[in-house]
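Undergrad: Got a predicted structure plus its sequence, pasted below:
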Amino acid sequence: MLLRVEGLAYAYAGAVAVRDVSFEVGEGEVVALVGANGAGKSTTVKAIAGAVRPARGSIRFAGEEIAGRPVHEVVELGITLVPEGRLVFAQMTILDNLLVGGWAPRARNERVRRVDEVFAIFPRLAERRAQFAGSLSGGEQQMLAIARGLMSGPRLIIFDEPSLGLMPKLVRELFRLIASLRERGVSILLVEQNVHQSLKIADRAYVLEKGSIVMGSTGPELIGNPYVREAFLGLAQLSSSVPR
C-alpha cells in the first residue's frame, strides 16, 4: 500500500471532526471517500496533506510516518492536494501558476519538461498560457489547479471536491481526466460530491459518517449497496440495509 491511515482523529476547538478513520490507497489506485457534508472527508485529506495536525493516529506514506509533517515536507515526499475551491493565483498567468506548482525541490529540475507534459494533457491551457488565471472560466481554473498539482510530480494526488460548481459536461470531462491520470501511474484519493461518478471510476471506496468509516468495498459494489443507493445516490432502497 502506498498510503495507510490508521485511527486518525482531529477536532476543531473541541468539536470532533474525525474520530477514528482508517483506510488504504494502493499504488495506481483511485480510492474515493464519500459521505454527507460534515462527515469528515475534507478534514481527513487535510491531515494527510499536512494542512492540519491530527490529534492522534498514524499516516504512513511509502512506509514512512508522515502524521504531523508540514505541508512542504509532505509535497516533497510526493503527495499533492488539489483543494476545494481551486485557489489559483488569479493575478498570475497560467504559465506562472504552473511554475509555482513545480517549485518544490524534488520537482524544480523537471519544471520545463513537466510544463510540456501538462500542456499536452490540457491543450486548452497551452493555448492560453499567457492569460491571467483570474480571467479563466470555472472549468478552466479547475484544469489549472489540477495541472499545477501535477507539476510537483506526485505519486499521490488528492482531489477535494474537484467538480464543485462545474457544468455537467465539464464534470464528465473531469472524471475522464482523473481516470486517465490513473493510467499514467498516479495514485488518487478522491473526495467528491458526485458520489455516483466517483464510485464508477474508483477501484475501492470508503463511506464516512460522523467522522468514522462505516463501510468500505469496491466502487461497483458500493453503487449496488442499498444503503449507499438510498443515502447518497437518491435511489430507493431495494431491501432493508444498515452500514456494514
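TA: Noted; the coordinates are in hand.
Undergrad: Please enumerate the strands of the protein.
TA: Secondary structure of the chain by DSSP state E: the strands cover 3-12, 15-25, 30-34, 56-61, 64-65, 79-82, 156-160, 187-191, 204-209, 212-218.
Undergrad: Okay, angle between the second one and strand 30-34 too, please.
TA: Computed with axes from the mean of the first three to the mean of the last three Cα atoms, to 10 degrees, the direction of strand 15-25 lies at 160 degrees from that of strand 30-34.
Undergrad: Could you do the first one as well?
TA: Using the same axes, to 10 degrees, one finds that strand 3-12 and strand 30-34 are set 20 degrees apart in direction.
Undergrad: Buried residues, the lowest-mean-pLDDT helix or strand in the chain. List them.
TA: Least confident helix or strand of the chain, by mean pLDDT, DSSP states H and E, is helix 105-108 with a mean of 76. Residues of helix 105-108 classed as buried by neighbour count (16 or more other Cβ atoms under 10 Å): residue 107. C-beta: built from backbone N, CA, C; applies to glycine.
Undergrad: Who are the packing partners of the lengthiest helix in the chain?
TA: Ordering each helix of the chain by length in residues (DSSP state H) puts helix 168-183 first. On a contact count with 3 or more Cβ pairs under 8 Å, 6 or more residues apart in numbering; DSSP states H and E, helix 168-183 meets strand 30-34, helix 138-150, strand 187-191, helix 195-201.
Undergrad: possible to save the strands of the chain as CSV with mean neighbour count and mean pLDDT?
TA: Output for those, formatted as CSV (neighbours: other Cβ atoms under 10 Å; pLDDT from 0 to 100):
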stretch, mean neighbour count, mean pLDDT
strand 3-12, 18, 94
strand 15-25, 18, 92
strand 30-34, 25, 94
strand 56-61, 18, 96
strand 64-65, 10, 96
strand 79-82, 24, 92
strand 156-160, 23, 94
strand 187-191, 24, 95
strand 204-209, 22, 92
strand 212-218, 17, 92
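Undergrad: Residue 135: which of those strands is closest?
TA: Smallest distance to residue 135 across the strands of the chain (Cβ to Cβ): 20.4 Å, for strand 79-82.
Undergrad: Can you give the strand pairings for that closest one, parallel or anti for each?
TA: Strand pairing for strand 79-82, using DSSP bridges, gives strand 156-160 (parallel).
Undergrad: can you state the direction angle for the partner strand and strand 56-61?
TA: Using the same axes, to 10 degrees: strand 156-160 against strand 56-61 is 130 degrees.
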